[in-house]
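sequence and predicted model, in that order:
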Amino acid sequence: MTPDTLIEVSGLARDYRLGRSTVPALRGVDLRIAEGEFVAIMGPSGSGKSTLLHLLGGLDVPDGGHVAYRGLAISRQSRDALAEFRSRKVGFVFQMFNLIPTLTALGNVELPLAYQGVPRRDRHRRAREMLDSVGLADRGHHRPTELSGGEQQRVAIARALVTGPEVLLCDEPTGNLDSASGQQIMGLLAELNRERRITVILVTHEPEIAAFARRCVLMRDGQVVSDTGDGHGGGR
Amino acid sequence: MIWDHLLWSVHNLRTRPARAGLTVLGVVVGVAAVVALVSIGQGLQRSVHEEFRAIGYNTVVVTPGLASGDAGSDALALEALVGRFIQAQPEATGGRAAPFREAVRRPVSSALDEVRALPEVARAGVIRTEIAFVTSAGMAGLGVLHVTGVSSGIFEDFPGYFPGFAVAEGRCFRSPDELSLVLGADVARDLGASVGSVVRVEDQEFTVVGILARTTTGGVGVTFGNLNLALFAPIETVALLYGNPDRISLGLVEARPGEDVNGVAAAVRTVFARSGIPVTAVSTKELSARITAVLGDLQTTLAAIAAVALLAGGIGVMNTMYTSVLERTRHIGIMKAVGAKDRHVLGLFLVESGLLGLLGGAIGTLAGAVMSGVAAAGVGRTLQGASELTSLAGGILPRFEPWLILAALGGSALLGAVAGALPALRAARLRPVEALRHA
C-alpha cells in the first residue's frame, strides 16, 4: 500500500528583494512528500532550503508555483486560512528555539492552544502532558532563560506537538545545540515519526543529522539537485 | 481570549515598568486636568442651582438696568445680571447710572406697593446697597462698608436669599423709616458695637437694634453673600440718606402658586417702568438656566483646553506601542508561526494600549479629585475676608457625578486603544517570515 501524498510542490519560486535587485531564492522546485515520511532537506547556506520549509508550512507565500496540502492549494489561501493551517496541521521547530522569553515553559506550550480557543483548564492539562512526554515535567514553571539549550528545544518541540499536528517542520533544530543534546533531539524526532506517524521535514546542513531521515533532498541555488526518495514513502 | 490578552498585557507591561509608568503618567496629567475642571464646574453649577432653588423657582428676580423686552437689551441685562451674581458688586453710589431720565420717577417704595397689590403676586421685597463710611465710638478711625437697605419683611418673606439669617441679640426693624441698624457678627465686632450702641453712617447717627448670629453658610454669590459682613438698614432710611429714592439693587417677587412666573415678570417690569425705573425681571428658573449655561460653556472650553494634555498622553501611548511592536517583532512572528491570526495579534496590542489608558484614567481620576479639592480649598483661603466674595469659597464643592468617573475611565481606555490602533494594526499585518527574521 502506498501512503497518501501529504504535500505536493510544483514550480515553486520565491524571490527576495535586496535593495533594487531581486535575488531568486527558489527557482522552480517540484517535490512530493508522503504521509509519515522523515525527510531531510540539505544544501549549503543560501540554497533556499529554509525558504522552502517556510513555504511548506504556510509561513510565507510563493511568487510562483504552488504548494498543495492534501490536494488543497495553501499558497492561494487568505491570511486567516493560512493561520488556521499553521495552527491545526503544522508544528514548527526553529534553530533559535523561538520561545517567548516572558512566558514560562508551560505558557509557551499553551500558546498554540490559546489561539485555537481551547479552554484554559484543558490547555493547562494538555501542555503539562506534552512537557511530560518530552521529559520536562518538572520544568514547566521555568522561563526559557533558566533552561539549557536542549531543554529549550524540547519545550519548542512540545509546543509544536501540543496541537496534534500532522507534520513537523524543523529548521536546523540542532544548530544551536551541543552534539549530545542534538542527538537527544534527533532521537525524539525519529521516535515521533516512528511511533506517532508524524511526518517530519527537517532542514540541516549536517550529514550526521540528515542520517536520521529516511529520505534526503539536496538543494543548490534554489533548485532540487538530488532526491533519494520519490514521495511515495520509498527512500532508503 | 480577551482574558488571555489581558493577562499577557499585564505581563508585558510589567517587563518594562519604567516605560509603562511614564506612558501612564502622560495620560494621568490629561485625565486629572479634565476631571478637576469638570468636577469644579459641576460643583459650581450645582451650587447655583441649589441657591436659586432655595430662593424659590416661582420667584422673579428684579435688577436695575435697561427696560427689558427687546432681544438686544435683554442680552445687556443678562450681562448685568450675571455680573451682579458672580461678582456681587453693588452699583456705584449716587444712582446716576440709570440711563432713563424721561419718565417721571417715583420712589421704589411706591412701585413695590403696586407690585405687592398685583393679584398674581404672593410677596415682594427690594434691597438697595450703597457704599458707606461708618464710624463708631467703639472703633478708631473710619470703616468703609456696604450698607444694605431692605424693604420691610424681606428677611421673613425670602429666607432663601439670606441663608443662615438669625437675629442673635436685639430685634429686627419695626418701621420702614426708623434710624436703626442690624449688624452682621463681624461688623458688630469690628465696630465694637452692641445692641443700643450708636453708629454713624455717613453723617447720620443710627442705633443698633439687632446683631446677627454668626453664619458659616456660604454661597456662590447667587444669594445675599456674607451675612457676617452685613450692615442692614430700612430701605427708606437709606433712600433718605443717599437720595435717589428710585434706586434699587435687587428685587424679589414671589408668584402665587399656580401663577405663570414669566407673566408675573412681565407685570413687574410694567409696574417699574410706569414708575420710571427701568428694570430687568427674570424668573429664578430662567436665570438659573442662563447662568448654568454660561458656566457650562466656560467649563466646556476649559475642559477642551485640558483635553489637549490628554491628546499628548495619547501620543505618548502611541509612541510606546510603536516601540513595543518593534521590540517584539520576533515574538509576533512566533505567535503567528504557532497559529495566531491577525486579529489575535491586533487584540493583544489593543488590550495592552487600552490598559495603559485605563490605568492612566484611574490614577488621573484620583489625582483630579485631589487637585480639585486642593484648588477649591485654595480659592477659599485666598478669598477669605475679601468682602462679600468670601461667600464664594464655601459654595464650590467639587462634584463627582458617577457619569464623570465612568466617562473618565471609559474615555481613557478608549483613548489608549485608539492611540494603540495604528501600532497594533502594523503588528497584526506583519508577515510571519519577516517578523521571525527580525533580530
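Sure, I can see it.

when you work out contacts or count neighbours from here on, use the C-alpha atoms and nothing else.
OK.

what residues does chain A put near chain B?
A:54, A:59-60, A:79-80, A:83-88, A:91-92, A:98-100, A:102, A:111-112, A:114-117, A:160 (Cα under 8 Å from any Cα of the partner chain).

quick one, helices of the chain?
Chain wasn't specified; assuming chain A. Under the criterion DSSP state H, chain A contains helices at A:49-56, A:79-88, A:105-116, A:120-133, A:149-161, A:179-196, A:207-210.

wrong one, I was asking about chain B
Remark: helices assigned in chain B by DSSP H are B:2-15, B:17-55, B:71-87, B:108-117, B:154-157, B:185-191, B:235-242, B:261-274, B:284-327, B:329-337, B:342-383, B:390-395, B:402-429, B:432-437.

among the ones you listed, show the one with the smallest mean pLDDT.
Among those, helix B:390-395 has the lowest mean pLDDT, at a mean of 45.

which of the helices of chain B sits most buried?
For the helices of chain B, average neighbour numbers computed from mean count of other Cα atoms under 10 Å in any protein chain shown are highest in helix B:329-337, which has a mean of 25.

remind me what it packs against, helices and strands.
Helix B:329-337 makes packing contacts with helix A:79-88, helix B:342-383, helix B:432-437 when contacts are defined by 3 or more Cα pairs under 8 Å, 6 or more residues apart in numbering or on different chains; DSSP states H and E.

nearest to B:A124, out of those helices?
Of all the helices and strands packed on helix B:329-337, helix B:342-383 sits nearest to B:A124, with 32.0 Å by Cα to Cα.

can you redo the helices of chain A as JSON lines with mean pLDDT and mean neighbour count?
Below are those laid out as JSON lines (pLDDT from 0 to 100; neighbours: other Cα atoms under 10 Å in any protein chain shown):
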{"stretch": "helix A:49-56", "mean pLDDT": "94", "mean neighbour count": "23"}
{"stretch": "helix A:79-88", "mean pLDDT": "94", "mean neighbour count": "20"}
{"stretch": "helix A:105-116", "mean pLDDT": "95", "mean neighbour count": "25"}
{"stretch": "helix A:120-133", "mean pLDDT": "94", "mean neighbour count": "18"}
{"stretch": "helix A:149-161", "mean pLDDT": "95", "mean neighbour count": "25"}
{"stretch": "helix A:179-196", "mean pLDDT": "93", "mean neighbour count": "16"}
{"stretch": "helix A:207-210", "mean pLDDT": "91", "mean neighbour count": "16"}
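
the ones you listed into CSV, with extra columns for distance to B:G416?
Shown next, in CSV, are the helices of chain A (distance: least, Cα to Cα, whole Å):
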stretch, distance to B:G416
helix A:49-56, 35
helix A:79-88, 26
helix A:105-116, 24
helix A:120-133, 27
helix A:149-161, 33
helix A:179-196, 44
helix A:207-210, 50
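
quick one: contacts for A:D178?
By Cα atoms under 8 Å, 6 or more residues apart in numbering or on different chains, the contact list for A:D178 is empty.

could you check how far A:M130 is from chain B?
According to Cα to the nearest Cα, to the nearest Å, A:M130 and chain B sit 15 Å apart.

and what of A:T104?
12 Å.

show me what contacts A:T163?
If you count contacts by Cα under 8 Å, 6+ apart, then A:T163 has A:87-88, A:112-113 around it.

hmm, I was thinking of B:L366
B:L366 touches B:A32, counting by Cα under 8 Å, 6+ apart.

and it, how close does it get to chain A?
From B:L366 over to chain A the distance is 32 Å, taken as Cα to the nearest Cα.

cool, B:F232 as well?
The gap separating B:F232 from chain A is 76 Å, by Cα to the nearest Cα.

these two touch, right, A:V200 and A:D171?
No. With contacts counted by Cα atoms under 8 Å, A:V200 stays clear of A:D171, the gap being 10.8 Å.

so which bits of chain B are right by chain A?
Residues of chain B lying near chain A (Cα under 8 Å from any Cα): B:1, B:4, B:11-12, B:15, B:331, B:334-342, B:344, B:431-433.

just give me the neighbour total for the residue in the stretch 301-439 of chain B that chain A sits nearest to.
Residue of the stretch 301-439 of chain B nearest chain A, by Cα to the nearest Cα: B:G339 (3.9 Å). B:G339 sits with 29 neighbouring residues when counted by other Cα atoms under 10 Å in any protein chain shown.

again, but for B:I248
With other Cα under 10 Å as criterion, B:I248 counts 26.

correct me, but it touches B:T63?
Yes. B:I248 lies in contact with B:T63 (Cα under 8 Å); the separation is 7.3 Å.

contact partners of stretch B:26-43?
B:295-296, B:299, B:302-303, B:306-314, B:316, B:357, B:360-369, B:371-372, B:376, B:396-401, B:404, B:408, B:412.

would you mind writing the CA trace of it as PDB?
Output in PDB follows, covering the C-alpha atoms of stretch B:26-43 (Å, rounded to 0.1, in the frame of the first residue of the first chain):
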ATOM      1  CA  GLY B  26       1.200  61.200  30.400                       C
ATOM      2  CA  VAL B  27      -2.400  60.100  30.400                       C
ATOM      3  CA  VAL B  28      -2.700  60.800  34.200                       C
ATOM      4  CA  VAL B  29      -1.900  64.500  33.600                       C
ATOM      5  CA  GLY B  30      -4.600  64.900  31.000                       C
ATOM      6  CA  VAL B  31      -7.300  63.000  32.800                       C
ATOM      7  CA  ALA B  32      -6.600  64.700  36.100                       C
ATOM      8  CA  ALA B  33      -6.900  68.200  34.400                       C
ATOM      9  CA  VAL B  34     -10.200  67.300  32.800                       C
ATOM     10  CA  VAL B  35     -11.600  65.600  35.900                       C
ATOM     11  CA  ALA B  36     -10.600  68.500  38.100                       C
ATOM     12  CA  LEU B  37     -12.000  71.200  35.800                       C
ATOM     13  CA  VAL B  38     -15.300  69.300  35.200                       C
ATOM     14  CA  SER B  39     -15.800  68.500  38.800                       C
ATOM     15  CA  ILE B  40     -15.300  72.100  39.900                       C
ATOM     16  CA  GLY B  41     -17.600  73.200  37.100                       C
ATOM     17  CA  GLN B  42     -20.200  70.700  38.100                       C
ATOM     18  CA  GLY B  43     -20.000  71.800  41.700                       C
END
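
where's the nearest residue to B:E434 once chain neighbours are set aside relative to A:R79, distance?
Closest residue to B:E434 apart from its sequence neighbours, by Cα to Cα, 6 or more residues apart in numbering or on different chains: B:G333 at 7.5 Å. The gap separating B:G333 from A:R79 is 14 Å, by Cα to Cα, to the nearest Å.

and if you look at B:A20?
Distance from B:A20 to A:R79, counting by Cα to Cα: 32 Å.

now do A:L161
The gap separating A:L161 from A:R79 is 22 Å, by Cα to Cα.

same deal with A:F94?
According to Cα to Cα, A:F94 and A:R79 sit 22 Å apart.
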